[in-house]
Every structure is written in C-alpha cells, then in structure tokens.
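*Asks:* let's see this in three dimensions:
(2 chains)
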Amino acid sequence: GDSVTQMEGPVTLSEEAFLTINCTYTATGYPSLFWYVQYPGEGLQLLLKATKADDKGSNKGFEATYRKETTSFHLEKGSVQVSDSAVYFCALAGGTSYGKLTFGQGTILTVHP
Amino acid sequence: GAVVSQHPSWVICKSGTSVKIECRSLDFQATTMFWYRQFPKQSLMLMATSNEGSKATYEQGVEKDKFLINHASLTLSTLTVTSAHPEDSSFYICSARRQTNTGELFFGEGSRLTVL
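*Replies:* Numbers count the residues shown, from 1 in each chain, chains lettered A, B, ... in the order given. Down below sits the predicted model:
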C-alpha cells in the first residue's frame, strides 16, 4: 500500500538557518504530494502541494519539488523564522480517491531566536 | 478561506460513556469528510470516509460499531465514540473536501478525547 516516510525529528534550528525535511514515498501510479503544517494548538493547514513529476510547490518561503525518480518531496526553506516552529507532515493522495491522504509521521521543528 | 470547525475541542469522559464530536464546514458544502486519529507523536491515521447521505466507509481495522459516523447534511459530519474506554483516548481530526473542488482538503482544529 501507499506509505510516506519523513526524517525523524525533532529538528532544532537557529533563526535564519537553512531547513530541509526529507520525505520519501511509496505509491502505485502517480500520486499528488502535499506538505501540511500544524502550529501549536491549531489544525492542519496545507502548506504546499505538487500534482505531477517535476512540479515545484512553494508557499511562505517553503519549497518542495516532486521527484519521481527518487520518489521524494523534500521540504526546504532558505531562512527559517521562530514563527515557523510547528509540526510538518508530508502526505500523498493516490489512486482515484483524491481526498484520502496518507501521512508521514510528522517532524517537529523548533526555531530558536 | 475555507474553514472547518470541530466541537468540542477537548472532552473528558468516564469509561463506558459515549462521546459525540461534530465537524462542520463553515463556508462551503462538503460532500465528503474524513475522520483521522492522531496518537501522541505519531502521524494521522485515516479512520473513515464520510459521504453525505450514505454510509461511511471505514478503513481496515476500524470498528464501525465503535466509531459511529453520520453525515446528515452537506455541512455537518459527526463521530460518536460509543462505550468509550481509555484506549480510545486520542486526538481526532476531521477534514472536508469542497463540493466542487477535488483538490485541497481543509482540516478542523481537532478534538482531544480523554477517557478516564
């Protein structure tokens, strides 16, 4: 079945540091890929998405490129802020049921001033 | 933007009682809603797909008699945890897909259930 594997956390960075959170997936066909963010005390919010190979999703300075050859969708940001502290989930939606998401285990990011 | 609201945000109940959690799409109609369960420091696990006007579709291993789902209108789905036990304590999250948009899912804030 479909699965998503994220790098284990927690990740702790200083403000303005470079961020990479690795995500790889296993799926049949050509899934759509997502990054969701969960800020403390809030629900999940879509951060960015990519629906086909080589697509780059971007939002709020975050980027991720859909790499079919390496089955990866790594999240990057060039300069993190304290306000980026949150839990980040990589997810995929495959097959014909677009709404059924398979999530990675989540990565806790803490950014210090 | 679209908003999905869950209620209650947290609930504590005694073992053996039933608890109902509501999921509402506030500014759009949702033909499909999804219920997830999130264990501490773990990922979200899909429990069931709730379709307006029809029976929910449960994922393998989820007890349909334990977790009753009703999607009576295009803006409301409910999850009832029947005869709750301490092992049912968890964070339950719903999401909704806009009726005319097959893309983005919108998530509720989650409901934390603690069964004593």
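
*Asks:* and the gap between the closest residue to A:Asp54 other than its chain neighbours and A:Glu42?
*Replies:* Distances taken as Cβ to Cβ, 6 or more residues apart in numbering or on different chains place A:Tyr66 nearest to A:Asp54, at 6.3 Å, with adjacent residues excluded. For every residue, glycine as well, the C-beta is placed using N, CA and C. Separation of A:Tyr66 from A:Glu42 (Cβ to Cβ, to the nearest Å): 26 Å.

*Asks:* wait, what's in contact with the residue nearest to A:Asp54?
*Replies:* Taking Cβ atoms under 8 Å, 6 or more residues apart in numbering or on different chains, we find A:Tyr66 in contact with A:Leu33, A:Ala50, A:Thr51, A:Lys52, A:Ala53, A:Asp54, A:Asp55, A:Lys56, A:Gly57, A:Phe73.

*Asks:* list buried residues within these.
*Replies:* Burial by neighbour count, 16 or more other Cβ atoms under 10 Å in any protein chain shown: within the contacts of A:Tyr66 this picks out A:Leu33, A:Ala50, A:Gly57, A:Phe73.

*Asks:* residues contacting the second one?
*Replies:* Applying Cβ under 8 Å, 6+ apart to A:Ala50 gives the contacts A:Ser32, A:Leu33, A:Lys56, A:Gly57, A:Ala64, A:Thr65, A:Tyr66, A:Phe73.

*Asks:* same question for the first one.
*Replies:* Contacts here follow Cβ under 8 Å, 6+ apart; on that basis A:Leu33 touches A:Cys23, A:Tyr25, A:Lys49, A:Ala50, A:Thr51, A:Gly57, A:Ala64, A:Tyr66, A:Phe73, A:Cys90, A:Ala91, A:Leu92.

*Asks:* close to chain B, is the worst-scoring helix or strand of chain A on mean pLDDT?
*Replies:* Ranking every helix and strand in chain A by mean pLDDT, DSSP states H and E puts strand A:101-103 at the bottom, with a mean of 87. Yes - applying Cβ under 8 Å from any Cβ of the partner chain, one finds strand A:101-103 touching chain B at A:Leu101, A:Thr102, A:Phe103.

*Asks:* can you tell me which of those residues lies nearest to chain B?
*Replies:* A:Phe103 (4.4 Å; Cβ to the nearest Cβ).

*Asks:* ok, back up a step: how about a markdown table for the contacts of A:Leu33, with distance to B:Glu52 added?
*Replies:* As requested, these are exported to a markdown table (distance: Cβ to Cβ, whole Å):
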| residue | distance to B:Glu52 |
| --- | --- |
| A:Cys23 | 32 |
| A:Tyr25 | 30 |
| A:Lys49 | 25 |
| A:Ala50 | 29 |
| A:Thr51 | 25 |
| A:Gly57 | 30 |
| A:Ala64 | 33 |
| A:Tyr66 | 32 |
| A:Phe73 | 31 |
| A:Cys90 | 29 |
| A:Ala91 | 23 |
| A:Leu92 | 25 |
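
*Asks:* farthest pair within these?
*Replies:* Spatially, the most separated pair among the contacts of A:Leu33 is A:Cys23 and A:Thr51, at 15.6 Å (Cβ to Cβ).
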